[in-house]
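Enquirer: sequence first, predicted coordinates after that:
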Amino acid sequence: MITNRGIASHGDNNNFSNNAVGEHAHVSVTAPSHDTGAPATGAADEQTAGWDVGVVTILSEELRSVVDELKLERHKAPGGLYFYQGKHSTPETTVRIVATQSQSQGQRSAMAALENLRRHYEPRLWALVGVGGGIHDKHARIGNVIVSTDIVYYENRKINPRGDIRRRGEHRQAPAPVVHAVNAFFADHGTPACLHGQLSTHASEQFEVYPGVIGSGEAVIADRESDIRSYLTSYHEKVLAVDMEAGGLSQYWQENSVYGGINPGWIVIRGVSDNADEEKGYGYHELAARNAAHILRRLLPYLC
């Protein structure tokens with residue numbers, strides 16, 4: 001049998017529609033392709049579509065804090081990726097949440113974790129939740145939480161002769177609906193918002209929650225006299241903390257805004273675990289992570 005895949009037509013006013021002529025001839029009808037330019041999604045993605053919040057954590061303490069605070073359950077996806085899923089009820093709706101942990105610290109690993117969330121769950125809001133280093137003596141004390149919708153990425157720089165380094169910061173802001181949600185939270189709770197510590201050993205103590213800018217790059221800063229700290233505080237006086245992933249989050253969101261579908265909003269919530277100085281250590285990771293996860297839960301009624 002000869003299979004013909006097309007008809008060559010010459011002349012005007014010709015019309016062909018699913019015709020077959022001859023013995024044993026038949027028609028194979030293929031649905032037209034409608035390519036929107038958006039990334040393709042598989043059946044597994046369709047089954048998990050409709051998730052509200054995708055949370056990226058970096059450290060095990062951060063993931064454990066989010067899982068405990070939101071009562072999430074472990075799920076192993078085909079291919080071996082681990083996610084933690086659950087639902088949280090607010091006064092107005094039920095929020096579907098999924099969390100994951102990146103393989104390592106840094107912008108690149110955070111962007112890979114975001115891509116995993118997008119491929120498997122397509123959340124409408126991304127949240128980066130965990131610990132960070134405080135660089136503001138009053139607002140960013142250990143245990144306090146910084147809620148950020150503004151990121152300054154500080155790594156871009158020009159190196160001139162004789163050691164002259166000129167940093168070129170990139171400043172990105174979260175989408176307007178997320179900014180309005182955060183503003184509403186602080187309008188209701190005050191600035192700073194004051195809550196009790198979420199670690200049992202600090203339950204009698206209050207911590208403060210501030211809106212602020214986060215500086216993000218690839219450096220672990222443990223020097224109060226660091227040129228990065230000096231640059232960030234001179235670039236924007238409201239830079240309160242530093243981390244190593246928020247720049248990747250804002251960049252990933254920016255580059256995915258070209259797709260025709262809904263591009264999720266993003267937010268960064270950092271519990272202050274150290275002051276980015278010589279005393280930097282791991283002693284307050286658990287406290288900072290628990291406080292940050294608690295603020296995520298408090299923010300859900302405003303964000304969703």
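Expert: Arrived safely, thanks for sending. Bear in mind that the values here come from a model prediction, so they are computed numbers and not experimental data.
Enquirer: quick one, strands of the stretch 101-250 of the chain?
Expert: In the stretch 101-250 of the chain, strands defined by DSSP state E, counting those that start in this stretch lie at 125-134, 145-153, 157-159, 165-167, 170-173, 193-196, 206-216, 239-243, listed in chain order.
Enquirer: so how far is the first one from its chain's centroid?
Expert: Mean-position distance between strand 125-134 and its chain equals 9 Å (Cα atoms, centre = their mean, to the nearest Å).
Enquirer: does anything pack onto that strand? Which helices or strands?
Expert: strand 53-57, helix 60-70, helix 107-120, strand 239-243, helix 246-256, strand 265-274, helix 285-303 (3 or more Cβ pairs under 8 Å, 6 or more residues apart in numbering; DSSP states H and E). In this view, the C-beta of every residue, glycine as well, is placed from N, C-alpha and C.
Enquirer: from E69, how far off is the residue nearest the centre of the chain?
Expert: By Cα atoms, centre = their mean, the mean C-alpha position of the chain lies nearest to W126, the distance being 3.7 Å. Applying Cβ to Cβ, to the nearest Å, one obtains 17 Å for the distance of W126 from E69.
Enquirer: least confident secondary structure element in this structure?
Expert: When the helices and strands of the chain are compared on mean pLDDT, DSSP states H and E, helix 43-47 comes out lowest with a mean of 42.
Enquirer: just for the protein, where's the confidence low?
Expert: Within the chain, the set of residues satisfying pLDDT under 70 comprises 1-49, 258-263.
Enquirer: now the helices and strands packed on strand 125-134 in TSV, with mean neighbour count and distance to V182?
Expert: Below are these laid out as TSV (neighbours: other Cβ atoms under 10 Å; distance: least, Cβ to Cβ, whole Å):
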stretch	mean neighbour count	distance to V182
strand 53-57	28	14
helix 60-70	21	18
helix 107-120	20	20
strand 239-243	28	14
helix 246-256	21	15
strand 265-274	27	7
helix 285-303	24	7
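Enquirer: which one of the ones you listed lies closest to R224?
Expert: Each of the helices and strands packed on strand 125-134 was checked against R224 via Cβ to Cβ, and the shortest separation belongs to strand 265-274, namely 11.2 Å.
Enquirer: tell me the helices and strands packed up against the closest one.
Expert: If contacts are counted by 3+ Cβ pairs under 8 Å, 6+ apart, strand 265-274 sits against strand 125-134, strand 145-153, helix 176-189, strand 239-243, helix 246-256, helix 285-303.
Enquirer: what is the orientation angle of that strand with strand 125-134?
Expert: Between strand 265-274 and strand 125-134, the angle comes out at 20 degrees (axes from the mean of the first three to the mean of the last three Cα atoms, to 10 degrees).
Enquirer: okay, strand 265-274 in PDB with CA atoms only?
Expert: Output in PDB follows, covering the C-alpha atoms of strand 265-274 (Å, rounded to 0.1, in the frame of the first residue of the first chain):
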ATOM      1  CA  GLY A 265       4.600  36.100  41.700                       C
ATOM      2  CA  TRP A 266       7.400  35.700  44.200                       C
ATOM      3  CA  ILE A 267       8.300  36.600  47.800                       C
ATOM      4  CA  VAL A 268      11.400  36.100  50.000                       C
ATOM      5  CA  ILE A 269      11.100  35.400  53.800                       C
ATOM      6  CA  ARG A 270      14.400  35.300  55.700                       C
ATOM      7  CA  GLY A 271      14.800  34.700  59.400                       C
ATOM      8  CA  VAL A 272      18.000  36.300  60.600                       C
ATOM      9  CA  SER A 273      20.400  33.600  61.800                       C
ATOM     10  CA  ASP A 274      23.600  35.800  62.100                       C
END
